[in-house]
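**Q** One predicted model, sequence on top.
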Amino acid sequence: MKKEFDKFPEAFAGQELYGFSWLEHTAAVPSPLVVVTGYKSNGKPNATMQSWCTFTGEEGYHCIFSSVHKSGHMYRSLKETGCCVVNFPSADILDKCMDTIKNNGFDTDEITASGLTVEPSCRVNAPRIKECFLNMDCELEWEHDLSEDGTHATICLKVTGISMDDRRYNDGDLGRYGETGYLYNIHSPRNPETGDNFDTYAGILSKLMKF
Ligand SMILES: Cc1cc2nc3c(=O)[nH]c(=O)nc-3n(C[C@H](O)[C@H](O)[C@H](O)COP(=O)(O)O)c2cc1C
């Protein structure tokens with residue numbers, strides 16, 4: 001039976017939502033897991049785990065991050081350099097990518113400190129992560145404040161070019177999906193009737209049917 005939800009569920013009372021809407025936890029729509037890299041103002045490579053993003057375009061190809069915290073290095077680096085790289089990790093290096101959150105000092109090369117390799121992008125003034133199977137070179141197009149308090153911004157990037165592992169765009173080899181391909185953020189799904197709170201997972205995508 002389909003049920004209607006438009007008010008904060010009683011079952012979530014007292015639960016820590018970490019700034020997310022109860023609707024986020026109820027719908028729990030998965031989105032791609034990526035690492036955004038750029039240079040900090042001291043020239044050190046920055047790396048920021050991001051999700052809640054989408055990729056599409058009318059004229060060209062764009063990446064839109066729905067909610068970027070303005071106090072972080074990623075936002076500052078984007079404002080200063082006007083560019084970044086969006087890196088796509090596969091499951092074998094996800095733990096290292098997650099380590100970039102711990103290695104978040106201003107004076108730290110966050111990529112190297114997390115056991116990953118820095119490579120310069122060939123199109124924009126930003127570092128990229130060698131071990132990621134896809135790197136998208138991006139330029140900042142526009143930003144829009146998401147809330148009146150101005151803590152988070154929706155960011156639109158124009159993709160100027162990509163570097164991609166030939167084993168991933170070859171469907172007969174590793175391919176883009178399944179256990180060696182794109183990762184998705186399955187973020188803390190909750191049951192709005194019981195309040196049950198399920199773990200956050202990295203997910204993969206498998207092909208189901210032709211359409
Ligand atoms: C899976 C995952 C997704 C994340 N997505 C976002 C996001 O969409 N927006 C955001 O502001 N922070 C997000 N974060 C948190 C940042 O990665 C974290 O605050 C990081 O330390 C910020 O780094 P920076 O200061 O180098 O930008 C995410 C973290 C994880 C683990």
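**A** All right, it came through fine. Numbers count the residues shown, from 1 in each chain.

**Q** Just say helix, strand or coil for His25.
**A** At His25 the chain is in helix, as set by DSSP: H, G, I helix; E, B strand; the rest coil.

**Q** contacting residues for it?
**A** Going by C-beta atoms under 8 Å, 6 or more residues apart in numbering, His25 touches Phe12, Leu17, His187, Ser188, Pro189, Arg190, Asn197. Where C-beta positions appear, they are placed from N, C-alpha and C, glycine not excepted.

**Q** Tell me how many other residues crowd the nearest residue to the fifth one once chain neighbours are set aside.
**A** On the basis of C-beta to C-beta, 6 or more residues apart in numbering, the spatially nearest residue to Pro189 that is not a chain neighbour turns out to be Ala28, at 3.6 Å. Using other C-beta atoms under 10 Å as the criterion, Ala28 is surrounded by 15 other residues.

**Q** before we move on, what about Cys97?
**A** The local packing of Cys97 (other C-beta under 10 Å) involves 25 other residues.

**Q** looking at it, it is touching Glu110, isn't it?
**A** No. Counting by C-beta atoms under 8 Å, Cys97 stays clear of Glu110, with 10.2 Å between them.

**Q** So which bits of this protein are right by the ligand?
**A** Counting by C-beta under 6 Å from any ligand atom, the chain comes close to the ligand at 33, 46, 48-52, 67-69, 72-74, 101, 104, 185.

**Q** switch to 5 Å and redo it
**A** 46, 48-52, 68-69, 72-74, 101, 104, 185 (C-beta under 5 Å from any ligand atom).

**Q** wait, what's in contact with Leu205?
**A** Tyr177, Gly178, Gly181, Tyr182, Tyr184.

**Q** of all these, which comes closest to the ligand?
**A** Tyr184 (9.9 Å; C-beta to the nearest ligand atom).

**Q** May I have the beta-bridge partners of that closest one?
**A** Bridge pairing for Tyr184 (DSSP bridges) gives the partners Pro32, Gly203.

**Q** what about the helices in the chain?
**A** For the chain, applying DSSP state H gives helices covering 22-27, 73-81, 94-102, 110-113.

**Q** Now mean pLDDT too, for those helices, in JSON lines please.
**A** Formatted as JSON lines, the helices of the chain follow (pLDDT from 0 to 100):
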{"stretch": "helix 22-27", "mean pLDDT": "97"}
{"stretch": "helix 73-81", "mean pLDDT": "98"}
{"stretch": "helix 94-102", "mean pLDDT": "98"}
{"stretch": "helix 110-113", "mean pLDDT": "98"}
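
**Q** Out of those, which is the most enclosed?
**A** Among the helices of the chain, judged by mean count of other C-beta atoms under 10 Å, the one packed with the most neighbours on average is helix 110-113 (a mean of 22).

**Q** what packs against that one?
**A** With contacts taken as 3 or more C-beta pairs under 8 Å, 6 or more residues apart in numbering; DSSP states H and E, helix 110-113 sits against strand 45-50, helix 94-102.

**Q** where does this protein dip in pLDDT?
**A** Low-confidence segments of the chain (pLDDT under 70): none present.

**Q** Compute the distance between the closest residue to Gly181 other than its chain neighbours and the ligand, please.
**A** Spatial nearest neighbour of Gly181, excluding adjacent residues (C-beta to C-beta, 6+ apart): Gly175 at 6.0 Å. Distance, Gly175 to the ligand, using C-beta to the nearest ligand atom, to the nearest Å: 23 Å.
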